[in-house]
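In: just to be clear, the model below is a prediction. Sequence and coordinates:
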Amino acid sequence: DDAYLWWDCTNEISSLITEEHEASTHMGRRQPIAPRYNLIKSMIPIFIPLDMARMMFNIGKGVNFVRKCLGDRTWDLMDQLLLLDNKNEISEHKDVVSKEAIGFIYGSVEILQKTLIQCQKIVHSHIVTMLLERHSLQQHILLMKKCLLLSQGDFVQTVIESLDANMATSGVDDDLDDAMSGGASLTLPPRYALQILVDNALHNTNYFKSLSDSFLSRIVVVIASITTSNNYGNSSEDREKRGSFNWDDFSLDYTVDAPLTSVIHPVAQSKYQLMFRLIWRCKHIEYILSKTWRSAVTVHRTVLKMSREEEEQQQGWSSTAGHSARMVLRRTAMTRQKAMHFLSNFLSYLSYEVLETSWKELQTNLKNSKTLDDLVRSHDMYM
């Protein structure tokens, strides 16, 4: 019982615990929630039920998570038990506190089980509170939604317009088919210049102005590692060396470190990237269609003006030619309008029916989470 007491309350592993109950394994830095210890069932004492042993094991892992991942080395489960029960004043020397005072009574499984249930609630409640309040988990997820899922409209529009203004196509400017398909090779500034464009967009967006640099500095520009090919069949890595990219090569990422990686794990981050690419392409096509509309308006006015002048002067511009030109422009406008209608409805569906609905469910689930597993499960369901 001494071994269980020190494992659950202080997470200090004596030689007895190491030999009889735990087997140390590697814990990845990117996944602090990954198992660091394994419970050896054959070494569990016969008077300890398996369910209770697992509960003790999980409590000890929770204390280990608080100490190692949350960085809260002053927090002590024994103190919390004493404060909860109001049995004794907290002593500066934990060795003078009797095991019976906090419920670790040899031979009384019922009392021990009640104590373990209290310990479990205390540990999980502390972990959830630390992640949501001190480490601002929900705020980080909200920022990822606004930047990686492109739900902050003014920010997205500013980024696209800035990129378009600072990118020069290698072909002719009016090669709209290549531009819309992403096939036109675009000459971009170096990566740090792209980061400056994004930083300017962040500081020019009302929502982000009130945030500290500790949040905004996590939003970084990356060149997508996908092996898409341009018209010359070169990968994005090859084009980066020449300073030439497609629009689809551009991507945003959000830097997440421990202990946030326990909830926003690498698998979830890869899903953010997949959704970013889909929404980014749709936003880009929407922007290109808007540019073609502005160009078409100019062309249409020019054709009407030339038609009227030629008809008045009777110098070769027949009414039939003018009528044919207007019909072509009308069919082009109708095709563009159909594409805009579909894209607008699709983006509206993604925004309101998918992202916002899921976000409201995530907020509710995070608020009702009792354990770290609940937080991870809520975010995975959101993804």
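Out: Happy to help now that I have it. Numbering: from 1, shown residues only.

In: what average pLDDT does stretch 192-209 get?
Out: Averaging pLDDT along stretch 192-209 gives 89.

In: my bad, stretch 362-380
Out: 94.

In: what's the span of it, first residue to last?
Out: 10 Å (C-alpha to C-alpha, to the nearest Å).

In: list the buried residues in it.
Out: 362, 365-366, 369, 371-372, 375-376, 378-379 (16 or more other C-beta atoms under 10 Å). Backbone N, C-alpha and C define where each C-beta goes, glycine included.

In: for stretch 326-341, same thing?
Out: 329, 339-340.

In: where does pLDDT dip in this structure?
Out: The model of the chain has pLDDT under 70 over residues 1-37, 81-108, 168-190, 224-245, 307-322.

In: could I get the buried residues of stretch 362-380 as TSV with distance to residue 296 and secondary structure?
Out: Shown next, in TSV, are the buried residues of stretch 362-380 (distance: C-beta to C-beta, whole Å; DSSP: H, G, I helix; E, B strand; the rest coil):
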residue	distance to residue 296	secondary structure
362	42	helix
365	47	helix
366	47	helix
369	52	coil
371	57	coil
372	55	helix
375	50	helix
376	50	helix
378	47	helix
379	44	helix
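
In: of these, closest to residue 52?
Out: Ranked by distance to residue 52 (C-beta to C-beta), those are led by residue 371 at 17.7 Å.

In: report the contact partners of the closest one.
Out: 124, 127-128 (C-beta atoms under 8 Å, 6 or more residues apart in numbering).

In: from residue 75, how far off is it?
Out: 17 Å (C-beta to C-beta, to the nearest Å).

In: next: residue 301.
Out: 71 Å.

In: and the two? which has more neighbours close in?
Out: Between residue 301 and residue 75, counted using other C-beta atoms under 10 Å, the more crowded position is residue 75 (16 against 10).

In: for the more buried one, what are phi and psi?
Out: phi -70, psi 140 (degrees, to the nearest 10).

In: what's around the nearest residue to it once chain neighbours are set aside, how many residues?
Out: Computed as C-beta to C-beta, 6 or more residues apart in numbering, the closest residue to residue 75 that is not its neighbour in sequence is residue 66, at 5.6 Å. Residue 66 is flanked by 21 other residues according to other C-beta under 10 Å.

In: any idea how far residue 66 lies from residue 114?
Out: Taking C-beta to C-beta, one finds residue 66 at 22 Å from residue 114.

In: try residue 218
Out: Residue 218 is 43 Å from residue 114, by C-beta to C-beta.

In: which one's more surrounded, these two?
Out: It is residue 218, of residue 218 and residue 114, that has more neighbours when counted by other C-beta under 10 Å, with 17 against 12.
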